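Asks: Next comes the sequence, and after it the predicted model I'd like to discuss.
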Amino acid sequence: MSRFDLARRRMVESQLMARGIRDKGVLDAMRKIPRHLFVEEALQDQAYGDHALPIGERQTISQAYMVALMSEALALNGSEKVLEVGTGSAYQTAVLAELAEHVYSLERIDLFIEKTKVLMRDLGYENVCIRCADGTVGWEEEAPFDAILVAAGAPEIPHALIAQLAIGGRLVIPVGDRVSQVLKKFVKQKTGATETSLTPCTFVPLVGEAGWQYGKGEAGDQPNTF
Ligand code: SAH
């Protein structure tokens, strides 16, 4: 067993199971996916630490616990069509690819796109489509989605994402100000919806039409590249 395999096992036990993550699919996926390959080589030894890490362009790979919590909240059984907003390193994308039938992932910074497409191909994920676009308006042509995961902090839940959610569909999204948010779970029903708060959290800003406006110099900001 390599040092990374060992570190990954420990990560699952001490960061996920010890904090109450129970979904077997999520635990198995995160025991399997080589998280260190989603960060640059110089940071690989830190990839299984209990924190987010920089991935360039002032963005981060989310903390493993946050990835697990969001994935578990989507309650996936393998048959779903999932939309992800904020591909970043594509680590969360790979977890979703293990748990759902098809994953559509949107990222606004094109520098990440080529890299993550190659990585997904090399790791054998054939059920993932990644595109450079503003995820705050969703992916109309592929809607409706059984689940939607937003990996950046929003001022409010974008209307397009609610519209593109199937009846019974689940949406997880950090909502708050630019520096701190609350992770919300939204479930769309035939009539109405339910919304629950899962945990306080800190994500980079969701920048786009129905998110924060791009403002030079602010945390997490990068100009649009699509
Ligand atoms: N799950 C990713 C999180 C990356 S950070 C990971 O663990 O690696 C969040 C990502 O959301 C960043 O890459 C950022 O560029 C992207 N993002 C922010 N606003 C966006 C938008 N409107 N549409 C698509 N991607 C967006």
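Replies: Everything's here; your move. Numbers count the residues shown, from 1 in each chain.
Asks: Give the residue spans of the chain that score low on pLDDT.
Replies: 215-226 (pLDDT under 70).
Asks: which other helices and strands contact the helix of greatest length in the chain?
Replies: In the chain, assigned by DSSP state H, the helix with the most residues is helix 110-122. Packing partners of helix 110-122 (3 or more CB pairs under 8 Å, 6 or more residues apart in numbering; DSSP states H and E): strand 53-56, helix 91-99, strand 128-132. Bear in mind the C-beta positions are built from the backbone N, C-alpha and C, glycine included.
Asks: right, so these: which one is the most enclosed?
Replies: Among the helices and strands packed on helix 110-122, ranked by average contacts under mean count of other CB atoms under 10 Å, first place goes to helix 91-99 (a mean of 25).
Asks: ranges for the helices of this structure?
Replies: Here the chain has its helices, by DSSP H, at 3-10, 24-32, 64-73, 91-99, 110-122, 159-163.
Asks: okay, the ones you listed in CSV with distance to the ligand next?
Replies: CSV is the format used below for the helices of the chain (distance: least, CB to the nearest ligand atom, whole Å):
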stretch, distance to the ligand
helix 3-10, 16
helix 24-32, 12
helix 64-73, 6
helix 91-99, 4
helix 110-122, 6
helix 159-163, 11
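Asks: which one of the ones you listed is the most hemmed in?
Replies: Counting by mean count of other CB under 10 Å, helix 91-99 has the highest mean neighbour count of the helices of the chain, with a mean of 25.
Asks: Which strands or helices does that helix pack on?
Replies: Using 3+ CB pairs under 8 Å, 6+ apart as the contact definition, the elements that helix 91-99 packs against are helix 24-32, helix 64-73, strand 81-85, strand 102-107, helix 110-122, strand 128-132.
Asks: Thank you kindly, that will do.
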